[in-house]
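In: Show me the folded form of this:
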Amino acid sequence: MKTSYAISIAVVFLLSIFTHPGFPASSGADLSKSDTAIFGFRDAAAERTLESRFLAVPDPKRAEEHLRTLTKVPHIAGSPEDKATADYVAQKFRDAGLATEIVEYKVWFNYPAEISVDITAPAGVSMHGPTREHVDGDPFQDDPRVVTPYNGMSPSGDVEADVVYANYGSPEDFQKLAQMKIEVRGKIVLVRYGQNFRGVKAFVAQERGAAGVIIYSDPADDGWKRGDKYPKGPWRPDTGVQRGSIGYMFQFAGDPTTPGIASTASLSDSKRTPPDQSAQMPKIPTTPISYADAWPILDHLGGPESPREWQGALPFTYHVGPGPVKVKVHLKQDYAYRTIWDVIGKVQGSELPDEWVVAGNHRDAWVYGAADPNSGTTAMLESVAGVGELLQSGWKPKRTLIFASWDAEEEGLIGSTEWGEQNAAALARAVAYVNVDVAVSGPRFGASSVPSLKQFLRDITKAVPSPQGGTVYDTWRKTSQTGNEPVTPQETSTMTFRLPAAQAHPDVPVGDLGSGSDYTVFLQHLGVPSTDIGSTGSYGVYHSTFDDFAWFKKFGDPDFLYEQQMARVFGLEAIRLAGADVLPFDYEEYGKEITAYIDAAKKKADAKLGVHAPDFGPAAEAAKHFQDAGAKILPKEKSPSPDTARLNRALRDAETALLIPEGLPNRPWYHHAIYAPGQYTGYAAVVIPGVNEAIDAGDNERTRQQLAALARALHCAAKVLESYR
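Out: Below you'll find the predicted structure:
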């Protein structure tokens, strides 16, 4: 049977026709016994026939044309060009038979009006930036609509001060400077991209009293040290600049003036938080530059040599300053309430229309956005084309299936968050949110999700052919073997797919969900089980002008075969979740991972708090309760009774039960007891965040309180699972 399955997969890849000859029909009694069973489906044979029709539709040539169209011109959020991409996506949704609307929101963000960075001392050293991005031969770089490199959500300001180099700008880096007796108060801090979210760099510098921040891309991280630079290779060229928002999304996501409520066009100003009072808005001017512009700053810094692990790839010894280099930063930001456009396409569920499966990707880009995000938009459009073929054949999903093209993600996950907040009541019955952002920047598949859906993701990839032969799962397993992890993971978003904090099964690792993409509101604010997928590679042009069609065609996915792969994976996730008889959630795996999180936190607390560490026993018992409840319901999922409504309700509501009603300390928008973006990491997940961040702060009483809140959430979720008998 496994041999015939492998043959079928090969046939799919070569002929784009996915069939399953020789597969026996399911008995319908047990959803897990045979190799051909699909967890959650009584009639696996019928589901595989449906899936074979879907998997035959995504087409590399059509995907190439989608990407060419979407990236023809720069299309920053809120621009006329951005609206044109919304209209394009909406038409493709309608062509496939989806009931489609464009939903507008009025949100607060900035464009750059005047941006300059100048060296003013010592005499004889000059640099006037940001230098315009340029390489020889790129056909897209000279479009006048290419936006000046800047940081979204930075305040305006004029600052002139000595420079201090602070490595990646982490709390540990600033602590190291303090140990070296280097004062950063009143200085302009120069930090390099990587290892944490850019907004964290600004936040930590603000906490330490810095007057301003300059962020540059070091060639050690995504430039020539990694390989040939663009256009010869895929890595960042000398003048390439990473734009990006520095909004404090670890406080809350979405429009800075409307935490917790939707920023609709009709919302009155009286219901908005004044921007200067928003916890999401940074207080010190921050702007990005290239390593070509950072070169003379770093080359002329005095003071002690930097710690050797701070040394980048520029050809001189890095020093930390302060001075004698002095820099003047002039930022004039054009802030306004601007209109953005989400595109929402819906297929009404035939049996459970109030239960939603939402599949989303953002569409806006800092410039052209070929890999980020429009490789994902392209994959989604090919998924939608496959769904359209199924609809034409008379198929209807059991649950309502929604495809969403989000806007203004780059400014702070705005479009998805506002829609999630507006539809919070309906999303209380949502089954899952399926995300893709950078669908393709190379050939290496990766994924993150809540633990209950990790095996679901592995199973999906076993049903999709890989351009490398075999299945996506086969290639994923090979590339995830020990020793194949990249030495220096790029901090581009969750697309780095870090190793999980714990792993319940010895299988391909599925990462944890932090932040940096549009699942944030669904999982961490509303408690909707979520997944995120991507195919990564040597990607050195993130958020630069050069993330364009020319780069993508040469280095990202020349034949668009990985676009086809990702369209199949993404669409198959949505189709299975929308059609499952029983939701394919494994809460035993979830419980095991949480148990491991608590064990690790206890060890950290013992080391950090010593004899004052609180008792972790009740939280560990609650995790065991949750794990046991998951183990007990799993056989009922695999051999369900004819009436699955109560079973599915318990499975759906267990994730929501993991929300803490009052939210996390100091950032109440985040409600999830198990996952949140770290306040000092931003993208990377902090597991059991209330507990771990209290330990990191050395706060014994807060640790005790957060352990109690965690235990309550786990017992509540366990009781939800136990409610099905």
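In: Every contact and neighbour count from this point should use C-alpha atoms.
Out: Noted.
In: Thought T461 was touching E573, still the case?
Out: No - shown here, E573 and T461 do not form a contact pair, counting by Cα atoms under 8 Å, at 9.4 Å.
In: So for A578, what's the pLDDT?
Out: Looking at A578, its pLDDT reads 98.
In: Touching, it and R399? I think so.
Out: Yes - in terms of Cα under 8 Å, A578 counts as a neighbour of R399; the distance is 4.8 Å.
In: Give the residues shared as contacts by these two.
Out: 356-357 (Cα atoms under 8 Å, 6 or more residues apart in numbering).
In: Quick check, pLDDT for Q481.
Out: pLDDT, the model's per-residue confidence, is 77 for Q481.
In: Kindly apply the preceding question to A629 instead.
Out: At A629, pLDDT is 98.
In: For it, give its distance to D599.
Out: The gap separating A629 from D599 is 19 Å, by Cα to Cα, to the nearest Å.
In: Also H66?
Out: Going from H66 to D599 by Cα to Cα gives 48 Å.
In: can you give me the strands in the stretch 401-550 of the chain?
Out: Counting by DSSP state E, counting those that start in this stretch, the stretch 401-550 of the chain has strands at residues 432-440, 444-449, 530-536.
In: what mean pLDDT does the shortest one have?
Out: Confidence for strand 444-449, expressed as mean pLDDT, is 95.
In: for the stretch 251-400 of the chain, what spans make up the helices?
Out: Shown for the stretch 251-400 of the chain, the helices assigned by DSSP state H, counting those that start in this stretch span residues 291-299, 375-392.
In: Kindly apply the preceding question to the stretch 501-650 of the chain instead.
Out: Applying DSSP H, counting those that start in this stretch to the stretch 501-650 of the chain gives helices spanning 520, 549-551, 561-579, 587-609, 617-638, 645-656.
In: and what of the stretch 101-250 of the chain?
Out: Per DSSP H, counting those that start in this stretch, the stretch 101-250 of the chain carries helices over the ranges 171-179, 198-207, 219-222.
In: Including mean neighbour count, could these go into TSV?
Out: Listed next are those as TSV, based on neighbours: other Cα atoms under 10 Å:
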stretch	mean neighbour count
helix 171-179	16
helix 198-207	24
helix 219-222	22
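In: So which of the ones you listed is nearest P661?
Out: Closest to P661 of the helices of the stretch 101-250 of the chain, according to Cα to Cα: helix 198-207, at 25.8 Å.
In: who does the closest one touch, helix- and strand-wise?
Out: Packing partners of helix 198-207 (3 or more Cα pairs under 8 Å, 6 or more residues apart in numbering; DSSP states H and E): strand 212-216, strand 244-245.
In: quick one: strands adjacent to the longest one?
Out: Right, strand 212-216. strand 188-192 (parallel), strand 286-289 (parallel) (DSSP bridges).
In: angle of that strand against helix 291-299?
Out: Per axes from the mean of the first three to the mean of the last three Cα atoms, to 10 degrees, the angle that strand 212-216 makes with helix 291-299 is 120 degrees.
In: Any chance you could list what contacts strand 212-216?
Out: By Cα under 8 Å, 6+ apart, strand 212-216 touches 159, 187-193, 198, 202, 205-206, 241-242, 284-291, 294.
In: returning to what we had before: so which of H66 and D599 has more stuff around it?
Out: Neighbour count, other Cα atoms under 10 Å: between H66 and D599, H66 has more, with 21 against 16.
In: who's in contact with that one?
Out: Applying Cα under 8 Å, 6+ apart, the residues near H66 are 378, 381.
In: Now do the buried residues in the helix or strand hosting it.
Out: Per DSSP states H and E, H66 falls inside helix 60-70. Buried positions in helix 60-70, judged by neighbour count with 16 or more other Cα atoms under 10 Å: 60, 63-64, 66-68, 70.
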